[in-house]
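Based on what follows, work out the 3D shape:
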Amino acid sequence: MIPPHPQRQKLAADYRQLLEEVYPMASQEAEGASLPPELRVQSWWHAGLLPRDGHTEHHGAIRILDVGLWNRSHGPDFLRAEIELEGVRLRGDIEIDPHPQDWERHGHGANPAYNNVVLHVVLSRPEGGWYTRTSQHREVPVLYLGRSALSQAVGMGYPGRSEDIPRCRQPLAQAKPEHIRELLQAAAAHRLEKRHRLFLRKAEFRGLSQCWYEAWAETLGYTANKEAMQMLAHRAPLQEVQHQAEAILLGTAGFLLPVLPAQCSDAARQYHRCIWDSWWALREQFELSPARKLPWAQGPSRPLNHPQRRVAALALSARKWKAIEPLLSVKGYPELCKVLSGLGHPFWDTHCTLASVALPRKVALVGRQRMEDFFINHLCAYDTSASAWQAFLAHKAAGKAPETIQRTAWNLFGQREELRSLLRHSYARQALLQIEADFCARNICLECAFPSQLQQWCRG
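Numbers count the residues shown, from 1 in each chain. Presented below is the predicted three-dimensional model:
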């Protein structure tokens, strides 16, 4: 492991201090905040990102020794887990719910399939008299995670509100260019450090190869489907898919049907038949029940970005993983681009979905934008060398900045002359995304402490 670059570390620490000054009570629970979707929390639990020890409501200290197998069918969320409760080891199932009362609302208390549950994990604190019980009237220990634990584990935002009253232009309107550059580099460094810590935590639990595979899956999913793609990589791990990647990934994703629609082409039918024959033998092992299906967003988006085509690109990447993995560094990025841009397939080169008509010409499965996003969000985050940090600062983003970034930049800087050239730098875009998430999306502008803290930053 390369030692962290000192400048990157210092800038990230400066930005974290700014956050702590703006949010001095960040560690406390926020009243009335919305909880994350249950499926997302299951994914975090499966990845080993949530706390592995704590205190149950009525049964004392607990350690999670094995998070269990993420269930694909009906029943508890995780099977054959292992916990240590007050020094006693127990093996059984784990159920995760947003609220403790969901156990009864969903009928688990009367369902014998839940009799082997040894731990009920919840995200909102149980009220004083709540007990989780099985159909055999056995009490199940309840572990409350809480929003602060979720925030520390996966970097969830502090809940808040937003309004379109930009107050941040005032402190930055007259700021020196070097102060603005330093602020943006600090926010970008903080973003890289967060990703780096998250990656290392996952790698410790899931292994380095699997973590890179999940990161690439997330990148292929674009914004709309990055979560679903990451969950797919959890459900169909790299070690299990390499020899039957297309069948396992397309089948687990829920994109294979016993019979294709009547309007499908002969080419689609031949390809689907071949994949379906392989999937049929693997279906019992990998198929997800309707209640656990992946949260795909299928519109509106460019046809070439349809999730079926993204999953096909992941499958082809998995088959080439032995050639890809040695190149997963900033230094190896140019060669990695050659390998990824060379991924091709007789069917997917000219189709967006299994049911779509053929395209008039071949279109690359992995474009430049996907590779650049992977470089900025993952390779630069994991690689802590001085050369990687400099490459990150020097990298120019392709195309126009997304609307969210432009809006945040306008709120911060107004019409400063250097804004256009600044937004061509990838680090500036990453910084503005981080600032927007940390401040603009969490606060009513009139109550936000960020502008006053920025004044101190610029004076410093």
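
what residue lies at the spatial centre of this structure?
E227 (5.4 Å; Cα atoms, centre = their mean).

Please tell me how far H243 sits from R235.
Here the criterion is Cβ to Cβ, to the nearest Å. By it, H243 lies 17 Å from R235. C-betas here are computed from N, CA, C, even on glycine.

again with Q9
Separation of Q9 from R235 (Cβ to Cβ) stands at 35 Å.

tell me the helices in the stretch 301-450 of the chain, going along the chain?
307-319, 321-324, 333-341, 368-374, 380-382, 386-394, 403-413, 419-422, 426-435, 450-459 (DSSP state H, counting those that start in this stretch).

right, and A386 touches Q9 too?
No. Here A386 lies out of contact with Q9, judged by Cβ atoms under 8 Å, at a distance of 11.5 Å.

Pull the number of nearby residues for the closest residue to F78 other than its chain neighbours.
With sequence-adjacent residues excluded and distances taken as Cβ to Cβ, 6 or more residues apart in numbering, F78 is closest to G68, at 3.4 Å. When neighbours are counted by other Cβ atoms under 10 Å, G68 registers 22.

Could you measure from G68 over to L119?
For G68 relative to L119 (Cβ to Cβ), the value is 9 Å.

Next, show the common contact partners of those two.
Common contacts of G68 and L119 (Cβ atoms under 8 Å, 6 or more residues apart in numbering): 81, 94.

Low-confidence stretches in the protein?
Applying pLDDT under 70 to the chain flags the ranges 1-4, 23-34, 128, 152-171, 173, 299-301, 442-447, 455, 458-460.

Report the distance from stretch 320-339 to the chain centre.
22 Å (Cα atoms, centre = their mean, to the nearest Å).

how is this structure carved up into domains?
1-26+162-460, 38-154 (automatic domain parsing).

biggest helix in the chain by residues?
helix 177-206 (DSSP state H).

next SSE after that one?
helix 208-220 (DSSP states H and E).

Show me which positions of that next one end up buried.
Neighbour counts over helix 208-220 (16 or more other Cβ atoms under 10 Å) mark 209-220 as buried.

who has more neighbours, H243 and R235?
Between H243 and R235, counted using other Cβ under 10 Å, R235 has the larger neighbour count: 22 against 10.

list the contacts for the more buried one?
Residues in contact with R235 (Cβ under 8 Å, 6+ apart) are 70, 72, 252, 286, 288, 294.

out of everything not next to it in sequence, what's closest to P326?
G332 (6.8 Å).

er, I180 actually
Nearest-residue entry for I180: L172, 6.5 Å, with adjacent residues in sequence omitted and distances by Cβ to Cβ, 6+ apart.

quick one: the longest strand along the chain to chain centroid distance?
In the chain, taking DSSP state E as the definition, the longest strand is strand 88-97. Strand 88-97 has its C-alpha centroid displaced from the chain centroid by 25 Å (Cα atoms, centre = their mean).

What is it packed up against?
helix 38-46, strand 78-85, strand 117-122 (3 or more Cβ pairs under 8 Å, 6 or more residues apart in numbering; DSSP states H and E).

what about dumping the CA coordinates of the next helix or strand after that strand to CSV?
Next helix or strand after strand 88-97 toward the C-terminus (DSSP H and E): helix 102-105. Extracted in CSV, the C-alpha atoms of helix 102-105 (Å, rounded to 0.1, in the frame of the first residue of the first chain):
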residue,chain,number,x,y,z
ASP,A,102,-42.3,-3.8,10.7
TRP,A,103,-41.7,-7.3,12.1
GLU,A,104,-45.4,-7.6,13.0
ARG,A,105,-46.6,-5.5,10.1
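
residues in contact with M231?
Counting by Cβ under 8 Å, 6+ apart, M231 makes contact with 39, 43, 294-295.

now the angle from the longest helix of the chain to helix 450-459?
Helix 177-206 runs at 110 degrees relative to helix 450-459, counting by axes from the mean of the first three to the mean of the last three Cα atoms, to 10 degrees.

burial of the closest residue to G344 other than its chain neighbours, as a residue count?
Once flanking residues are discounted, G344 sits nearest to L365: 6.9 Å by Cβ to Cβ, 6+ apart. Look at L365: counted by other Cβ under 10 Å, it has 24 neighbours.

swap in the one 5 residues further on?
A count of nearby residues for R370, using other Cβ under 10 Å, gives 21.

58 is where my numbering starts, stick with that
Yes, from this point I'll number from 58; that puts the last item at R427.

Thought T276 was touching it, still the case?
Yes. Contact between R427 and T276 holds when scored by Cβ under 8 Å: they sit 5.8 Å apart.

just to revisit the earlier point, what helix or strand is the residue nearest to the centre of the chain located in?
Applying DSSP H and E, one finds E284 within helix 279-292.

is it true that L345 lies in a strand?
No. Judged by DSSP: H, G, I helix; E, B strand; the rest coil, L345 forms no part of a strand; its state is coil.

Contacts only, for the closest residue to it other than its chain neighbours.
Excluding the flanking residues, the one nearest L345 by Cβ to Cβ, 6+ apart is R129, at 4.9 Å. Contacts for R129 (Cβ under 8 Å, 6+ apart) come out as 292, 343-346, 349.

Secondary structure class of R129, three-state.
Applying three-state DSSP to R129 yields a three-state assignment of coil.

mind pulling up the phi and psi values for it?
The phi/psi pair for R129 (degrees, to the nearest 10) reads phi -100, psi -10.

any idea how far it lies from Q365?
Applying Cβ to Cβ to R129 and Q365 gives a distance of 20 Å.

ok, L339 - how many residues close by?
The local packing of L339 (other Cβ under 10 Å) involves 17 other residues.

That one reaches E303, doesn't it?
No. Between L339 and E303 there is no contact under Cβ under 8 Å: 11.1 Å.

residues touching P360, list them.
Counting by Cβ under 8 Å, 6+ apart, P360 touches 409-410, 413.

how close does it get to L416?
Taking Cβ to Cβ, one finds P360 at 9 Å from L416.

tell me how far stretch 173-189 is from the chain's mean position?
Its chain's average C-alpha position is 26 Å from that of stretch 173-189, according to Cα atoms, centre = their mean.

With just CA atoms, put it into CSV.
What follows is stretch 173-189, C-alpha atoms only, in CSV (Å, rounded to 0.1, in the frame of the first residue of the first chain):
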residue,chain,number,x,y,z
ASN,A,173,-34.4,-19.2,13.2
VAL,A,174,-33.8,-15.4,13.4
VAL,A,175,-31.2,-14.6,16.0
LEU,A,176,-31.0,-10.8,15.4
HIS,A,177,-33.5,-8.1,14.4
VAL,A,178,-31.6,-5.1,13.0
VAL,A,179,-33.6,-1.8,12.9
LEU,A,180,-33.0,1.8,11.9
SER,A,181,-35.3,3.7,14.2
ARG,A,182,-35.2,3.3,18.0
PRO,A,183,-37.8,0.9,19.4
GLU,A,184,-40.3,2.4,21.9
GLY,A,185,-39.9,1.4,25.5
GLY,A,186,-42.2,-1.7,25.4
TRP,A,187,-41.2,-3.3,22.1
TYR,A,188,-40.1,-6.9,21.9
THR,A,189,-39.5,-8.9,18.7
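
related to what we said a few turns ago, now do the shared contacts for P360 and L416.
Common neighbours of P360 and L416 (Cβ under 8 Å, 6+ apart) are C409.

Many thanks, have a good one.
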